[in-house]
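Q: pasted the sequence and its predicted model underneath.
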Amino acid sequence: MGEYAGLGEVGGRRVLVRSDLNVPLDGSTITDDGRIRASVPTIAELAAAGARVVVTAHLGRPKGAPEERYSLRPVAARLGELLGAEVAFASDTVGDSAQQTVAGLADGQVALLENVRFNAGETSKDDAERGAFADQLASLADAFVSDGFGVVHRKQASVYDVAQRLPHAMGGLVSTEIEVLRRLTESPERPYAVVLGGSKVSDKLGVIDNLLGKADTLLIGGGMVFTFLKAQGHEVGKSLLEDDQLEVCREYLARAESSGVSIVLPTDVVVDTTFPSGDATPQPRVVAADAIPDDALGLDIGPDSAAAFAEALSGARTVFWNGPMGVFEVEEFAAGTRAVAQALTGIEGLSVVGGGDSAAAVRTLGFDEAAFGHISTGGGASLEYLEGKELPGITVLED
Ligand SMILES: Nc1ncnc2c1ncn2[C@@H]1O[C@H](COP(=O)(O)OP(=O)(O)OP(=O)(O)O)[C@@H](O)[C@H]1O
Ligand SMILES: O=C(O)[C@H](O)COP(=O)(O)O
């Protein structure tokens, strides 16, 4: 029997752990298990202390009802392999299966509940609805450990409300992540460069506002770059575009210029006119960033841009990178992401990779994790931290 920081004795008690097990899947095959591996130490520590560990997590963005493709069942199997002990899987989150599974746990055993987002209460904007679901979750445990760093920016029942209902503590993963990110916000060694990409464009544009006052160089690739190119007056064909953010991008470009921050945009892009179309072989083509054809979709930064990005990063002493430069999952569109990852491995100073997909990209492209200063499990969460926003999943622990 043993203690867990902030909770005291946990032996024999049911401890609900919120982890971020939102991993990329191909069917039911986990293509990158980084977030599961990152979640293991806290779960293992609690189990070793004799707790009955009840893990809750989400996968993808189901709409408040069960959907087989978002089931956490494959994750339970992998978690068990990594823990070296069987993980009991409950086929619902708070229903009969969950209650029976938790009741059947012996001291030191671990259970995983089905995707918490199969319940509308989890993500509801209505406090009462979320609260009612949090009551059900809380009834399954005696204490709560918040360890899902990737979701601490979400005011959701299993992240926020449940902490108000149970004795709670911050998990080891969340503490480590916050410690590293604090170094980026408090006194980054200069030059400080930030690389942004990925597909959750509107989620990420906000961070630029804050970074314009902090970073020396901002490199932009991935899906978000097309809104910037369009804001500069270029056509972007069928590329990802957030029309309602054009004015915001224009304002960022103007502010960067007046404040001496260098925003580096790609000068060439890799496009395809057939992607994604079932089994069709990709037909990548490199075009100038200001000459994207109407029928083309931008899927990676081009080779000149990749070289320019690597050059811009070469002297940096602090680098934060979130979001792949292209659709790295397809080899034909992975070169930009590979070039940025390679450049980060040469940084003398602190290099931080943030984001589930960015971290997955680093690993699936074959880089050694040890070549980076820190690989964060949180994409949106780390960005919101850097934005200086309050993270509900953290502040609720401090109350
Ligand atoms: N030009 C592009 N067009 C469309 N999608 C793109 C483009 N460039 C990158 N992507 C996609 O962006 C996705 C990753 O973006 P996301 O914003 O989710 O990254 P992340 O922040 O690392 O992950 P997470 O939000 O899960 O932590 C990848 O699946 C990649 O294929
Ligand atoms: O993938 C992520 O960034 C986290 O798991 C959070 O997922 P969400 O953006 O769907 O809330």
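A: Structure received. Ligands and ions are numbered 1, 2, ... in the order given.
Q: the residue in the stretch 151-300 of the chain that ligand 1 sits nearest to and ligand 2: what is the separation?
A: Using C-beta to the nearest ligand atom, the closest approach of the stretch 151-300 of the chain to ligand 1 is made by G198 at 2.6 Å. C-betas here are computed from N, CA, C, even on glycine. Plainly put, G198 is 10 Å away from ligand 2 if you go by C-beta to the nearest ligand atom, to the nearest Å.
Q: number of residues surrounding D127?
A: 11 (other C-beta atoms under 10 Å).
Q: not counting its neighbours along the chain, what's nearest G60?
A: Closest residue to G60 apart from its sequence neighbours, by C-beta to C-beta, 6 or more residues apart in numbering: Y70 at 4.5 Å.
Q: what parts of the stretch 151-300 of the chain come near ligand 2?
A: Listed as neighbours of ligand 2 in the stretch 151-300 of the chain under the rule C-beta under 6 Å from any ligand atom: 151, 154.
Q: what residues does the stretch 151-300 of the chain put near ligand 1?
A: 197-200, 222-223, 240, 298-299.
Q: quick one: the strands in the stretch 151-300 of the chain?
A: In the stretch 151-300 of the chain, the segments counted as strands under DSSP state E, counting those that start in this stretch are 168-170, 192-196, 217-220, 262-264, 268-272, 285-288, 297-301.
Q: contacts for the third one, please.
A: By that I understand strand 217-220. 191-197, 208, 211-212, 228, 256, 261-266, 309, 312-313, 316, 340 (C-beta atoms under 8 Å, 6 or more residues apart in numbering).
Q: among those residues, which ones are buried?
A: Neighbour-count burial (16 or more other C-beta atoms under 10 Å) applied to those gives 191-197, 208, 211-212, 228, 256, 261, 263-266, 309, 312-313, 316, 340.
Q: quick check: residues of the stretch 1-150 of the chain near ligand 2?
A: 20, 22, 61, 150.
Q: residue contacts, the first one?
A: Think D20. Per C-beta under 8 Å, 6+ apart, neighbours of D20: 35, 39, 57-58, 148-151, 356, 377-378.
Q: hang on, the earlier thing: ok, so of the residues of the stretch 1-150 of the chain next to ligand 2, who is nearest G121?
A: R61 (15.4 Å; C-beta to C-beta).
Q: low-confidence regions, this structure specifically.
A: 276-279 (pLDDT under 70).
Q: looking at it, which residue lies furthest from center?
A: M1 (33.7 Å; C-alpha atoms, centre = their mean).
Q: gap between that one and A47?
A: 12 Å (C-beta to C-beta, to the nearest Å).
Q: can you give me the helices in this protein?
A: Taking DSSP state H as the test, the helices found in the chain are 34-48, 73-83, 96-103, 120-123, 127-138, 172-186, 201-211, 225-231, 246-259, 303-314, 335-345, 356-364, 380-386, 392-398.
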